[in-house]
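Q: what follows is a predicted structure for the sequence shown.
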Amino acid sequence: MKFSVFLSFAPLLHTLGVALAFSDSASVSRSRIPLKGIDASQFRHPLDRDLTSFVQGLPLSNVAERAIRSSLSLVEQGTRLDLLSSSVKVSPQQMPELYKSMEDASKILDMDVTPELYIQSSPQANAFTLALQSKDGKPPIVVVTSALLDKCNDDEIEAIIGHELGHLKCSHSLYLTLGGLASAPLRGLPVLGSQAEQQLQKWRLAAEYSCDRAALLVAQDVNVVAGAMLKLFAGTSRATNTEAFIDQSREYEKLLEDANPIVKASIRMQQRTHPLPVKRVAELEKWFNSDEYRNILQKNE
């Protein structure tokens, strides 16, 4: 993730990290199922779901939520003005194919308001959102960089948008910030402080798994999302064999299971804003083959 807007609200700017792409083949029209009435709790990663429910039940959470939303509105105003002054806003007249991608992805995830999409000039392939839908009906903001746009066709962009819509649908900015505030009194304590920080870190990673699931719900094809990750994690469009990449994720899981405890502990202690690439693919494949994923689609067929 990038945290470029108000460091005190670091969880507010949610990004794809290493953004999604798929293949450089031409975009194809695929029939996908709109998920009418889908709720974020249906696709949240279990840890994301449990900690969100816990934070929602905390005393004074409603008061804290109003304060966070008020602060976020200022962040959003500044971000929107900055984007309008230095980026390109997508519309039916400006890059209409991208406008349709946003509309289609929003329809599939049954978003209350279709977000505004901006294209920002940058050599880094990335996408991000402020990750909270306002209650005044103003459209949220999603940004895709020019470097990412140049690597992807329309279907790939929809998968990227799906990931960012997942952050919006889950209100990750709100709940991760509330979680940070709730754990603040524990941080000065010798043992509880480190445990609280570790739990927050796990929650941030679980939030990314949730949004990879949202990307899958938009694409409705695991190879699209796995291939998307592959190209960007490899740093080249020449890596196109998604099955080999999925096999690689299985190899990693097996080697990690058999690894020395010291090596395992070292890997787990690494501070990351996003899960390891192969872990994301492994988690996505597990969910794709789950009854939970199948039931979401079958309910809407």
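A: Nice, thanks for sending it over. Numbers count the residues shown, from 1 in each chain.
Q: now do the closest residue to residue 122 other than its chain neighbours, the pLDDT please.
A: Nearest residue to residue 122 in three dimensions, chain neighbours excluded: residue 145, at 3.9 Å (Cβ to Cβ, 6 or more residues apart in numbering). C-beta: built from backbone N, CA, C; applies to glycine. Reported pLDDT at residue 145 in the predicted model: 90.
Q: got a list of what residue 145 touches?
A: Applying Cβ atoms under 8 Å, 6 or more residues apart in numbering to residue 145 gives the contacts 19, 119-122, 124-127.
Q: which of the residues you listed count as buried?
A: Listed as buried from the contacts of residue 145 are 19, 119-120, 125-127; burial here means 16 or more other Cβ atoms under 10 Å.
Q: among the residues you listed, which lie within helices?
A: Judged by DSSP state H, those include no members of helices.
Q: among those residues, show me the least confident.
A: Lowest pLDDT among those: residue 19, 38.
Q: can you give me the helices for this structure?
A: Secondary structure of the chain (DSSP H): helices at 46-56, 61-86, 96-108, 146-151, 154-170, 172-183, 192-219, 222-234, 242-258, 261-269, 277-288, 291-300.
Q: CA-only coordinates of the fourth one in CSV, if you can.
A: Put plainly, it is helix 146-151. Written as CSV, here are the backbone C-alpha positions of helix 146-151 (Å, rounded to 0.1, in the frame of the first residue of the first chain):
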residue,chain,number,x,y,z
SER,A,146,-1.0,5.0,-16.3
ALA,A,147,1.6,2.3,-16.0
LEU,A,148,-1.0,-0.2,-14.9
LEU,A,149,-3.4,0.9,-17.5
ASP,A,150,-0.9,0.4,-20.3
LYS,A,151,-0.3,-3.2,-19.2
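Q: so which elements touch it?
A: strand 116-120 (3 or more Cβ pairs under 8 Å, 6 or more residues apart in numbering; DSSP states H and E).
Q: strand partners of the strand it packs on, parallel vs antiparallel please.
A: Here strand 116-120 is paired, per DSSP bridges, with strand 88-89 (antiparallel), strand 141-145 (parallel).
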